[in-house]
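give me a 3D structure for the following:
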Amino acid sequence: MIIVKETLITIFLLVALPDINSVARAQANFVPTNTRLSQMHIESFFVKDISIEKAIEQLSVQQRIPIGMICIPDNDDNSSESLTVNLARSTVAEILNIIITESSGYEWRELDGVINITPQNKDISFMHGILDLKVENFSIEKKTPRFLIRSRLLEVPQVVQIARANNKRSFAGQYGCGFQSCYIGNNPDFSAVFSNLTIREILNSLAVNSGMYFWRTFEYEGYYSIIF
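This is a model prediction of the structure:
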């Protein structure tokens, strides 16, 4: 079981988290860090003719790198500019910098063991309001389907209240990451209890500790979701 209360995390199935150094703010489209995650070496990384969102997802899932991404609102993956990346013996930071450079609409930084990717110069106040909402109690039972976890997060009363105030409607959908491998082996084989954490902190904790490496937001034409 994973038990999380405020900043305390007790883990029985997984290794301890890496030490995280302080992170400076972005001056361009990324924030360089000296933490272990962004300095991990990747033997090879190749994607061809896919959107930046899918490239980031593939990097996260294939290399098991915890990444959370707030996608540009009203930006359909199919309308994103496609990119091709072919790198060998590169760090995570170098790969991210190449991907992000291909799309000036994003910036990244590492925080609490998770790569955080957010849009530049876009109004994402609604999604920040959802992600920064503190939840008093949230629990996950063993082998709970991913779409049920998403549904329960989006059905938290305070989340619903914020959505209604912004004329937004949520949907969960019975799908996970595009590559269907964010969890090692179908639905998560763990249970967890979270207390007094934000939605973002819950998602990041799952990304780091549960094998669910990638999550992202979706906001399009009055609808929104959190996908993992």
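
rest of the way, CA atoms for contacts and neighbours
Noted.

which parts of the protein are helices?
Here the chain has its helices, by DSSP state H, at 52-63, 92-101, 125-131, 146-154, 157-165, 199-209.

the second one versus helix 52-63: what angle between them?
Same thing as helix 92-101. 160 degrees (axes from the mean of the first three to the mean of the last three C-alpha atoms, to 10 degrees).

only the buried residues of helix 92-101, if you could.
Buried positions in helix 92-101, judged by neighbour count with 16 or more other C-alpha atoms under 10 Å: Val92, Ala93, Glu94, Ile95, Leu96, Asn97, Ile99, Ile100.

likewise the longest one?
When neighbours are counted by 16+ other C-alpha under 10 Å, the buried residues of helix 52-63 are found to be Ile52, Glu53, Lys54, Ala55, Ile56, Glu57, Gln58, Leu59, Ser60, Val61, Gln63.

nearest to Ser151 among these?
Of all these, Glu57 has the smallest distance to Ser151: 20.9 Å, by C-alpha to C-alpha.

circling back: how about the buried residues of helix 52-63 in TSV, adding distance to Gly113 and pLDDT?
Formatted as TSV, the buried residues of helix 52-63 follow (distance: C-alpha to C-alpha, whole Å; pLDDT from 0 to 100):
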residue	distance to Gly113	pLDDT
Ile52	21	87
Glu53	20	87
Lys54	21	88
Ala55	20	91
Ile56	16	92
Glu57	17	90
Gln58	18	91
Leu59	16	93
Ser60	13	92
Val61	15	87
Gln63	15	90
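
can you list those residues in CSV and add distance to His41?
Shown next, in CSV, are those (distance: C-alpha to C-alpha, whole Å):
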residue, distance to His41
Ile52, 21
Glu53, 21
Lys54, 21
Ala55, 17
Ile56, 16
Glu57, 18
Gln58, 16
Leu59, 12
Ser60, 13
Val61, 15
Gln63, 10
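
among those residues, which one lies nearest to Ile140?
Nearest member of the buried residues of helix 52-63 to Ile140, counting by C-alpha to C-alpha, is Val61, at 21.7 Å.

against Val85, how distant is Asn97?
11 Å (C-alpha to C-alpha, to the nearest Å).

and if you look at Gln158?
Distance from Gln158 to Val85, by C-alpha to C-alpha: 40 Å.

returning to that earlier point: lowest average pLDDT across the helices of the chain?
Comparing mean pLDDT over the helices of the chain, the weakest stretch is helix 146-154, at a mean of 85.
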